[in-house]
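> build me a model:
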Amino acid sequence: MDLSVAVLAGGRSRRMGVDKAQLVLQGSTFLERIAGAARDAGHPVTIIGRERPPSWRDDRVAFLPDEIPGLGPLGGLLTAFHHTGTDLLLSGCDMPLLTADAFRWLAVRAEETEGGDGILPTDREGREQFLFAVYRTDLIPPIEERIRERQLALRDLIAAGDFTKVPLPTDLLPEIRSINTVEEYGELL
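The predicted structure is shown next:
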């Protein structure tokens, strides 16, 4: 199974007030941490929604601006599909605790599951993790149609699709924590 990692990093970080991807934890930016974990899991990594920062040193990570800016995660997902041509393990740029083990776990779930539109991990309360999930290339036509119709909610694409839901193991639950506010970043530090 061909699987690439796409990290969505083109958001405006409205709740944070600053670029979340560039926040630092233990000497590395969130983006560096997530890309490194995905790369260490053995997958090609593409950062979607921005140009390569001048300070970025890892040439094994590709950067790609959104094909059509302003479409949110759905537009980033389509850009990633067009660039990689593979199924995608999608991640947000605001999950700095993700590890290679988390990416490997999700990749194994994707390999174990035949067909469908993707794999959607759920937490203890059954909440679906849209931004740490696998999306299959079969979604390209429905995504393109939704974009034409300006139906841009990723949640709606998932609701209309055929996703296999898998519970996240307890030890991975802390890793999928999104950091969206100054308060959450303070708690993380």
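> find the nearest non-adjacent residue to residue 167, please.
Sequence neighbours aside, residue 122 is the residue nearest to residue 167 in space, at 5.4 Å (criterion: C-beta to C-beta, 6 or more residues apart in numbering). Glycine gets a C-beta too; all of them are placed from N, C-alpha and C.
> quick check: that neighbour vs residue 177, distance?
Distance of residue 122 to residue 177, given as C-beta to C-beta, to the nearest Å: 15 Å.
> same question, residue 145
Counting by C-beta to C-beta, the gap from residue 145 to residue 177 is 33 Å.
> first-to-last residue distance for stretch 137-157?
13 Å (C-alpha to C-alpha, to the nearest Å).
> about what we covered before: more neighbours: which of residue 145 and residue 177?
Legend: neighbour count by other C-beta atoms under 10 Å for residue 145 and residue 177, higher for residue 177 (15 against 10).
> distance of that one relative to residue 129?
11 Å.
> same question for residue 32.
Counting by C-beta to C-beta - residue 32 and residue 129 are separated by 22 Å.
> spatially nearest residue to the residue nearest the centre of the chain (excluding sequence neighbours)?
In the chain, the centroid-proximal residue (C-alpha atoms, centre = their mean) is residue 91; its distance is 1.5 Å. Computed as C-beta to C-beta, 6+ apart, the closest residue to residue 91 that is not its neighbour in sequence is residue 7, at 5.0 Å.
> check what contacts the helix or strand hosting that neighbour and list those residues.
If you go by DSSP states H and E, residue 7 is part of strand 3-8. Strand 3-8 has contacts (C-beta atoms under 8 Å, 6 or more residues apart in numbering) with 31, 34-35, 38-39, 41, 43-49, 73, 76-77, 80, 84, 86-93, 103, 107, 110, 131, 134.
> and what of stretch 45-58?
4-11, 21, 31-32, 35-36, 38-39, 60-66, 76, 79-80, 83-84, 93.
> pull out the buried residues from those residues.
4-11, 21, 31-32, 35-36, 38-39, 61-64, 66, 76, 79-80, 83-84, 93 (16 or more other C-beta atoms under 10 Å).
> what about the residue nearest to residue 117 when sequence neighbours are not counted, neighbour count?
Spatial nearest neighbour of residue 117, excluding adjacent residues (C-beta to C-beta, 6+ apart): residue 161 at 3.9 Å. The number of residues packed near residue 161 is 16, by other C-beta under 10 Å.
> the residue nearest to the centre of the chain looks like it's in a helix, true?
No. Applying DSSP: H, G, I helix; E, B strand; the rest coil, one finds residue 91 to be strand, outside a helix.
> that one is in contact with residue 98, isn't it?
Yes. Applying C-beta atoms under 8 Å as the test, residue 91 and residue 98 come out as touching, 6.5 Å apart.
> overlap in contacts, these two.
By C-beta under 8 Å, 6+ apart, the residues touching both residue 91 and residue 98 are 34, 38, 132.
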